[in-house]
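**Q** Make a model of this:
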Amino acid sequence: MYLGMLAIATGFEMTGSNGFMELKKSSRNYAYENMGNDSRYDTFTCYCSFGSGGDPRNTTSCGTSFANPSAPSCTSSSQSIVGSSVAKIESWPWQVYIKSSRHINLFCGGSIIGPRLILTSANCVFGSAPNELTVRAGTQNVSELEGIRMNVYQVIIHPAYQGGLGINVSLNANIALLVLNNTFTYSHKIRAVCLPRVNETVISGEPCYATGWGITRNASIAPRQTLQEICLPSISEPECVMDDRLQSTNLTLTNNTFCAGYSADLGLNKGICNGDIGGPYVCKSGNTWKLRGISSWYIPTCGQLSIFTDVSKYIAWISNYQN
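**A** Modelled structure (predicted):
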């Protein structure tokens with residue numbers, strides 16, 4: 001399985017030698033941290049912006065893409081993540097690829113929200129030490145030596161996350177932050193996505209996009225090497241709760257999650273899948289893209305209902321690490 005494999009860990013563990021890795025636990029978060037002697041890592045700053053885009057080198061701007069999506073619109077019945085289209089990294093310059101050295105088949109997605117800060121899902125990095133993770137940005141094809149490769153300095157898991165895998169995966173507080181060793185230089189292929197405002201509602205039926213390198217059909221075990229994109233309309237909570245596909249599982253939506261996808265009657269088979277977890281779900285507001293969700297899980301199989309962590313419910317938590 002390409003995602004969530006680290007979520008089977010029963011807890012955080014010490015790794016490394018000479019005390020290089022240290023587990024830090026507080027009332028606010030669980031965090032792995034590289035305990036080096038470099039004073040640069042005493043603190044970090046996240047330039048997480050809630051404003052509109054601008055100069056791609058400006059660390060206070062966000063949410064501007066440099067190419068239009070190539071995927072069919074949400075109203076299209078075309079079937080080409082599952083049912084997706086090839087994407088350009090210029091369309092989604094905040095998308096990153098997260099790889100674990102501990103599990104060769106584990107990879108996830110994530111979103112740049114600051115020059116040193118990545119937002120992803122907790123089930124992607126739960127139990128993983130920073131020196132086991134790498135982040136690649138500015139790349140469309142992960143099999144090629146393009147983009148920027150970054151090492152991780154700190155892994156911060158939301159304290160309410162309970163872990164789990166498969167049908168036992170925890171949907172609540174499925175959110176995590178990765179602090180990088182170094183800062184990105186923003187460009188047309190690398191920049192931050194804007195965050196929503198606190199409790200900003202995703203409008204039912206609003207055309208939004210999910211992106212990632214996950215598998216594109218249920219029968220496949222191989223991920224895509226090229227970034228994929230798909231338009232997925234959000235689904236209202238009452239409609240999702242009553243959907244037979246959700247009721248066939250033991251998963252329960254929380255106030256911090258939402259669904260996106262298409263009615264089962266349409267038979268479109270479009271949605272997130274293995275390898276897409278942790279990646280962005282963005283909606284366009286004017287000329288600015290906002291990170292409305294984090295790919296959390298899919299039910300009951302790939303290309304059906306897609307479940308996302310509602311980023312707007314965690315703005316206060318994210319803000320704890322902005323300075």
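
**Q** Give the buried residues for stretch 131-147.
**A** Neighbour counts over stretch 131-147 (16 or more other Cβ atoms under 10 Å) mark N131, E132, L133, T134, V135, R136, A137, G138, T139, Q140, V142, G147 as buried. Backbone N, C-alpha and C define where each C-beta goes, glycine included.

**Q** What is the nearest of those to N123?
**A** L133 (13.9 Å; Cβ to Cβ).

**Q** can you give me the strands in the stretch 201-323 of the chain?
**A** Secondary structure of the stretch 201-323 of the chain, counting by DSSP state E, counting those that start in this stretch: strands at 207-212, 228-235, 257-260, 280-285, 288-299, 305-310.

**Q** what's the closest of those to Y321?
**A** Nearest to Y321, of all those, is strand 288-299, at 15.3 Å by Cβ to Cβ.

**Q** Who are the packing partners of the closest one?
**A** Identification of packing neighbours for strand 288-299 by 3 or more Cβ pairs under 8 Å, 6 or more residues apart in numbering; DSSP states H and E yields strand 107-114, strand 117-120, strand 207-212, strand 257-260, strand 280-285, strand 305-310.

**Q** can you rerun that using 6 Å?
**A** strand 280-285, strand 305-310 (3 or more Cβ pairs under 6 Å, 6 or more residues apart in numbering; DSSP states H and E).

**Q** weakest of the ones you listed in terms of mean pLDDT?
**A** Mean pLDDT per stretch puts strand 305-310 lowest among the helices and strands packed on strand 288-299, at a mean of 89.

**Q** List the strands paired with that one, with their directions.
**A** If you go by DSSP bridges, strand 305-310 pairs up with strand 257-260 (antiparallel), strand 288-299 (antiparallel).

**Q** mind putting the ones you listed in a markdown table, mean neighbour count and distance to L171 included?
**A** As requested, the strands paired with strand 305-310 are exported to a markdown table (neighbours: other Cβ atoms under 10 Å; distance: least, Cβ to Cβ, whole Å):
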| stretch | mean neighbour count | distance to L171 |
| --- | --- | --- |
| strand 257-260 | 26 | 5 |
| strand 288-299 | 26 | 6 |
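
**Q** Can I get those in JSON lines including mean pLDDT and distance to L232?
**A** Listed next are the strands paired with strand 305-310 as JSON lines, based on pLDDT from 0 to 100; distance: least, Cβ to Cβ, whole Å:
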{"stretch": "strand 257-260", "mean pLDDT": "88", "distance to L232": "4"}
{"stretch": "strand 288-299", "mean pLDDT": "90", "distance to L232": "9"}
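
**Q** quick revisit: who wins for proximity to A176 among the helices and strands packed on strand 288-299?
**A** When these are compared by Cβ to Cβ, strand 305-310 sits nearest A176, at 9.9 Å.

**Q** now the angle between strand 228-235 and that closest one, please.
**A** Interaxial angle, strand 305-310 versus strand 228-235 (axes from the mean of the first three to the mean of the last three Cα atoms, to 10 degrees): 80 degrees.
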